[in-house]
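Student: I would like the atomic coordinates for the input below:
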Amino acid sequence: QVQLVESGGGLVQAGGSLRLACAASGRTSSNYPMAWFRQAPGKEREFVARITRSGGTTYYADSVKGRFTISRDNTKNTVYLQMNNLKPEDTAVYYCASDNNPYITSTLQSDYNYWGQGTQVTVSS
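Tutor: Residues are numbered from 1 along each chain as shown. Predicted coordinates:
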């Protein structure tokens, strides 16, 4: 059974930084791409970033490009999301996601089968 557990959320002022972590268990995470999504109150869950199995290729939503960095440490089965220059509009519950497809490149939440419980990020103005 694949389990994903996020951590690192919290309250931060605009312009600040946070680093989220997603620890995977139940399989070797290095065999699978990973992604981050977020969901703000009253809004649909949206794609934030994804990273390939090796970590060699990353892809970002336009809204976070240049401010967020996704990375992974396959020795620790953990994926990270470094968030800099945070804005109030970044406030959301952040989820990590994965799938059994080792070649998945989708930005659609419906294409991912495994999800963490989410971690709240709140950015005050």
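Student: How about residue 16: what's its closest non-neighbour residue?
Tutor: Nearest residue to residue 16, sequence neighbours excluded (Cβ to Cβ, 6 or more residues apart in numbering): residue 86, at 5.4 Å. Every residue, glycine included, has its C-beta placed from N, CA and C.
Student: likewise residue 113?
Tutor: Going by Cβ to Cβ, 6+ apart, residue 113 has residue 99 as its nearest residue, at 5.0 Å.
Student: does the one you found really touch residue 115, like I thought?
Tutor: No: using Cβ atoms under 8 Å, residue 99 makes no contact with residue 115, being 10.1 Å away.
Student: neighbours of the residue nearest to residue 16, just the number please.
Tutor: Other residues lying near residue 86 total 22 when counted by other Cβ atoms under 10 Å.
Student: Wait, a strand at it?
Tutor: No: Residue 86: not assigned to a strand; according to DSSP: H, G, I helix; E, B strand; the rest coil it is coil.
Student: That one contacts residue 125, correct?
Tutor: No: contact criterion Cβ under 8 Å: residue 86 and residue 125 do not qualify, at 10.5 Å.
Student: can you list residues touching both of the two?
Tutor: Both residue 86 and residue 125 are contacted by residue 14, under the criterion Cβ atoms under 8 Å, 6 or more residues apart in numbering.
Student: Residue 37 pairs with what?
Tutor: residue 47, residue 95 (DSSP bridges).
Student: Would you mind listing the buried residues in stretch 37-50?
Tutor: 37-38, 45, 47-50 (16 or more other Cβ atoms under 10 Å).
Student: end-to-end on it?
Tutor: Stretch 37-50 has an end-to-end distance of 9 Å (Cα to Cα, to the nearest Å).
Student: Contacts for that stretch next, please.
Tutor: So stretch 37-50 is in contact with 33-36, 58-61, 64, 68, 70, 81, 89-97, 105, 107-109, 112, 118, 121, going by Cβ under 8 Å, 6+ apart.
Student: Only the buried members of those: can you turn that into a ChimeraX selection?
Tutor: Per 16+ other Cβ under 10 Å, the buried members of the contacts of stretch 37-50 correspond to this ChimeraX selection:
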select :33,34,35,36,60,61,64,68,70,81,90,91,92,93,94,95,96,97,107,109,112,118,121
